[in-house]
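> Could you look at this predicted model? Sequence included:
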Number of protein chains: 2
Amino acid sequence: MDALKIVKVGGNIIDDPGALENFLGPFSQLQGPKILVHGGGKSATKLAQDMQVPVTMVAGRRVTDAATLDIITMVYAGKINKQIIAKLQGKKCNAIGFTGADGNTICSDKRPVKTIDYGFVGDIKYVNSKVLGLLLEAGITPVFCAITHDNNGQLLNTNADTIASALAVGLSEKYATELIYCFEKKGVLYSVDDEDSVIETINTETYETLKSQGVFADGMLPKLSNCFDALKAGVSKVIIGNSSVISNKNQKFTTLSL
Amino acid sequence: MDALKIVKVGGNIIDDPGALENFLGPFSQLQGPKILVHGGGKSATKLAQDMQVPVTMVAGRRVTDAATLDIITMVYAGKINKQIIAKLQGKKCNAIGFTGADGNTICSDKRPVKTIDYGFVGDIKYVNSKVLGLLLEAGITPVFCAITHDNNGQLLNTNADTIASALAVGLSEKYATELIYCFEKKGVLYSVDDEDSVIETINTETYETLKSQGVFADGMLPKLSNCFDALKAGVSKVIIGNSSVISNKNQKFTTLSL
């Protein structure tokens, strides 16, 4: 059986119609079972401005009050998700859009208030692989936006990277799972200023060495930590790169392994 | 096997949180396979105002330009659909939200321009029952909003009543299907001013008689014509009433048959 590929595509690609098209073409042609997870891009912030709903960020994270949750649900689960679904169908990739509430696929706890109240933000509790398995076996591609639920009626804003890794871990009991993060860079870089300084392989040992050398940028560190957690929890392979990693073009990218 | 119930719930119920709750409770407890189709309510018009997108109505129908399609997709497929899904999950009804693009379940033609250009409005071409059958057999409840696609990348605004009847007809090959329209009145009325003047049964013959007597209000006529078309195309039964028809409370409603 082919490995199950779980592909996370970042907001910068979502925001750029040409880049999205360049991504969805090769994605639709990926052989074997696959799941897409997409970030939100800047449309939610734009809509919040139009609706005069203030955007509050704390430590780079969006505080999600009720009005903001509505906006996120409209933009992520509505506009972005459904445009991706229609485009994939146009490319003969039979896709169905999901939040974690759909099919009760991803259940979260509302983040407890410590020093900061993030509002309607969810930390993933479990992935329910039954419905997803049924659809994957029927050749259907689930497409997730960054929303889950508490299984008690409440939608929750949830980090898309975490959704991708939780799906990869949750489905690793049934499938060999590969987790692929597509973002604007070619991979994890030795030097943020040098686009071509891609670190092609990182394992647990070299990760610790590079970390102690301060090679990883602030935003990359939690992402990598999250990736190694996924590998330890059963994911076969993690790849970090730009859209071209999907089309297997002859270009550098980063592969993580234990 | 239980009959498949396809329930259309109107905008007035969607717009009223208490009425929606009163509807979703009994709906979640309906035994046997079921599908929910929901209208849009007034949120799309409200969002269009907030975003300063002009709303153009021709003969009671919304003209759907690109900006309006975005708004409809955000409100119908995002906010309303996902809130219903989360609420149904909270009531232990395992639901998945759909547009016609999801799973390529409902494919439409963009309405051709004659005297009026309705924009991105779809007239249903076919229903694809394969994925829906798979989910219904697994005990999952599909929940449709009023959006379809052209299977070539384009989403299309589509009348929710028509989606409900197309689903009922499309699935009637596999299931005995009952089509249930829930709206704010108790049923089809002899006199619009008398809430209790419910016509309890209408068949093809009495329909023609009542129509010639001018009993049906303008909005009801195309709805009834659509219902009789569905019956002729294989739907077993059509019921028109308010939310309480779902809970089998001892109250009048209208049943249509050939």
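It's in. Residues are numbered from 1 along each chain as shown, chains lettered A, B, ... in the order given.
> Looking at chain A, which residue is nearest chain B?
The nearest approach of chain A to chain B comes at residue A:78, 2.4 Å away (Cβ to the nearest Cβ). The way it works is simple: take the backbone N, C-alpha and C, and place the C-beta from them, glycine included.
> Contacts only, for the closest residue in space to that residue that isn't next to it in sequence.
For residue A:78, ignoring the flanking residues on the chain, the nearest one in space by Cβ to Cβ, 6 or more residues apart in numbering or on different chains is residue B:78 at 2.4 Å. Residue B:78 sits next to A:73-79, A:81 when contact means Cβ atoms under 8 Å, 6 or more residues apart in numbering or on different chains.
> Can you report phi and psi for residue B:78?
Phi and psi for residue B:78, reported as degrees, to the nearest 10, are phi -90, psi -90.
> Return the set of residues that bridge with residue A:238.
Bridge pairing for residue A:238 (DSSP bridges) gives the partners residue A:179, residue A:256.
> Do I have it right that it meets residue A:229?
No. Residue A:238 lies out of contact with residue A:229 (Cβ atoms under 8 Å); the separation is 10.2 Å.
> Just the pLDDT at residue A:4, thanks.
pLDDT for residue A:4: 98.
> for residue A:174, same thing?
Reported pLDDT for residue A:174: 94.
> How about residue A:93?
Reading off the model, residue A:93 has pLDDT 98.
> okay, now it: neighbour count?
When neighbours are defined as other Cβ atoms under 10 Å in any protein chain shown, residue A:93 has 22 of them.
> and it, helix, strand or coil?
With DSSP: H, G, I helix; E, B strand; the rest coil as the basis, residue A:93 sits in coil.
> same deal with residue A:167?
Relying on three-state DSSP, one would call residue A:167 helix.
> Provide the partner residues of the closest residue to it other than its chain neighbours in its beta bridges.
When the adjacent residues along the chain are set aside, residue A:167 lies closest to residue A:6, with 5.3 Å between them (Cβ to Cβ, 6+ apart). As for beta bridges, residue A:6 partners with residue A:35, residue A:179 under DSSP bridges.
> Isn't residue A:6 up against residue A:37?
Yes. In this structure residue A:6 lies within contact range of residue A:37 using Cβ under 8 Å: 6.7 Å.
> And the average pLDDT for stretch A:66-80 is what?
Average pLDDT, stretch A:66-80: 96.
> and it, which residues are buried?
Judged by neighbour count using 16 or more other Cβ atoms under 10 Å in any protein chain shown, the buried positions of stretch A:66-80 are A:68-80.
> just how off-centre is it within its chain?
Stretch A:66-80 sits 17 Å away from the centroid of its parent chain (Cα atoms, centre = their mean, to the nearest Å).
> next one: stretch A:129-138
That offset, for stretch A:129-138, works out to 19 Å (Cα atoms, centre = their mean).
> Give the residue spans of the stretch 51-200 of chain A that score low on pLDDT.
Nowhere does the stretch 51-200 of chain A drop to pLDDT under 70.
> can you map out the strands along it?
A:57-58, A:61-62, A:95-98, A:106-110, A:122-127, A:141-144, A:147-149, A:155-157, A:177-182 (DSSP state E, counting those that start in this stretch).
> Just checking: what are the partner strands of the first one?
Meaning strand A:57-58. According to DSSP bridges, strand A:57-58 has these partners: strand A:61-62 (antiparallel).
> Please enumerate residues in contact with the partner strand?
A:55-56, A:68, A:72, A:118, A:121, A:157.
> Count residues in the vicinity of the residue nearest to residue A:167, would you?
31.
> How about the residues of the stretch 151-258 of chain A by chain B?
Residues of the stretch 151-258 of chain A lying close to chain B (Cβ under 8 Å from any Cβ of the partner chain) are A:151-155.
> Which one of these sits in the busiest neighbourhood?
Result: residue A:155 is most packed of those (other Cβ under 10 Å), 28 neighbours.
> do you know how far it is from residue B:243?
23 Å (Cβ to Cβ, to the nearest Å).
> again, but for residue A:71
29 Å.
> rewinding a little: go through the buried residues of stretch A:66-80 and flag which are in helices.
If you go by DSSP state H, the buried residues of stretch A:66-80 have A:68-72 in helices.
> Also near chain B: which of these, exactly?
Contacts with chain B within these, as defined by Cβ under 8 Å from any Cβ: residue A:70.
> quick one: which of the ones in helices among the buried residues of stretch A:66-80 is nearest to residue B:14?
residue A:70 (14.4 Å; Cβ to Cβ).
> Would you mind listing what in the stretch 1-150 of chain A touches chain B?
So the stretch 1-150 of chain A meets chain B at A:47, A:50-52, A:70, A:73-79, A:81-83, A:85-87, A:89-91, A:94-99, A:101-104, A:131, A:134-135, A:138, A:140, A:147, A:149 (Cβ under 8 Å from any Cβ).
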